[in-house]
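Asker: I'll drop the sequence and a predicted model, then ask my questions.
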Amino acid sequence: MATAQITTNFLAGDTYQTTDLQNQFAAINSDGVVNVAGGNLAISISGNSLMLTIAAGSCFRNGLFLINSSIITNNNGYQITANTSGYNRIDVVYADLDANTISIVEGQATGTPTVPALPVGNTLALAHVAVGNGVNALIAANITDVRVNASMVSNITDFARSSNLALLNGYQKLPGGLILQWGTGTANASSTTAVVFSFAFPTACINVVCSPAAGNTNASLGVQAIGAASWQCNNLDTSNRNLYYQAVGY
């Protein structure tokens, strides 16, 4: 990819290399096609011929991004070369994110054909096409879909996977490893009571703040001790007290 400098407004017009932006995308997206289930960049046959149709869609590879904004049909030249070698072969349709194109690499015709290697660079296979000897028209069974889904890296998708976000007892994972947790409990009268987290911190809890629940505004509560799975609440009152808490850990 070109390394010419470009000007952005990310930091008050500072100048960046294109690789700086590429690295940011690579840090948050895995390689693959965006929304495979939706048919993006799917390869299919175009009529009774050796022509291919390529669906609209987009993909990532090492932080580079390619988008095909509309369906590519046979009038754009995506045709499998006829095979008259006497043997079968396998071709590969692939996205070339260095050249920002979709191309075909032709396999070697042999008695036992194998999938050819993609060109060196930021390439992504979309489909394998079995090309029989003397075949003049492809059928759907000749095309093997090899697209994989692009996805956001795990520490970003933790936002979507957190449990019980709308309940009184829940937690939220944050990028970088921190976990926020909240919940309710009851502190026994004139004693120290263990309050168990609804989700045990994998390593440790580093901070807990508690407050009286509604109707317990005159309660005298305090945090006595902190553990990964629970914390100790000290209740100085002579009555049981309901409470809210918030905790931070990792």
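Answerer: It's in. As the structure is a computational prediction, the values presented were derived from the model and not from experiment. Residues are numbered from 1 along each chain as shown.
Asker: isn't there a strand covering Gln224?
Answerer: Yes - under DSSP: H, G, I helix; E, B strand; the rest coil, Gln224 sits within a strand.
Asker: who touches it in this structure?
Answerer: By CB atoms under 8 Å, 6 or more residues apart in numbering, Gln224 lies in contact with Thr192, Trp231, Gln232, Cys233, Asn234. For the C-beta atoms, the positions are set from N, CA and C on the backbone; glycine is no exception.
Asker: tell me the SS of Pro113?
Answerer: Three-state call for Pro113 (three-state DSSP): coil.
Asker: Can you pull the domain assignment for the chain?
Answerer: As recorded under automatic domain parsing, the domains making up the chain are 5-145, 154-249.
Asker: Kindly reformat the ones you listed as a markdown table containing mean pLDDT.
Answerer: As requested, the domains of the chain are arranged in a markdown table below (pLDDT from 0 to 100):
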| stretch | mean pLDDT |
| --- | --- |
| domain 5-145 | 85 |
| domain 154-249 | 84 |
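Asker: Make a PyMOL selection of the buried ones in the contacts of Gln224.
Answerer: To isolate the buried subset of these in PyMOL, counting by 16 or more other CB atoms under 10 Å, use the following:
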select buried, resi 231+232+233+234
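Asker: between the contacts of Gln224, which is nearest Gly32?
Answerer: Trp231 (42.0 Å; CB to CB).
Asker: Any idea what the closest residue to the closest one other than its chain neighbours is bridged to?
Answerer: By the measure of CB to CB, 6 or more residues apart in numbering, the closest residue to Trp231 outside its immediate chain neighbours is Val208, 4.8 Å from it. Val208 forms beta bridges with Ala247, as assigned by DSSP bridges.
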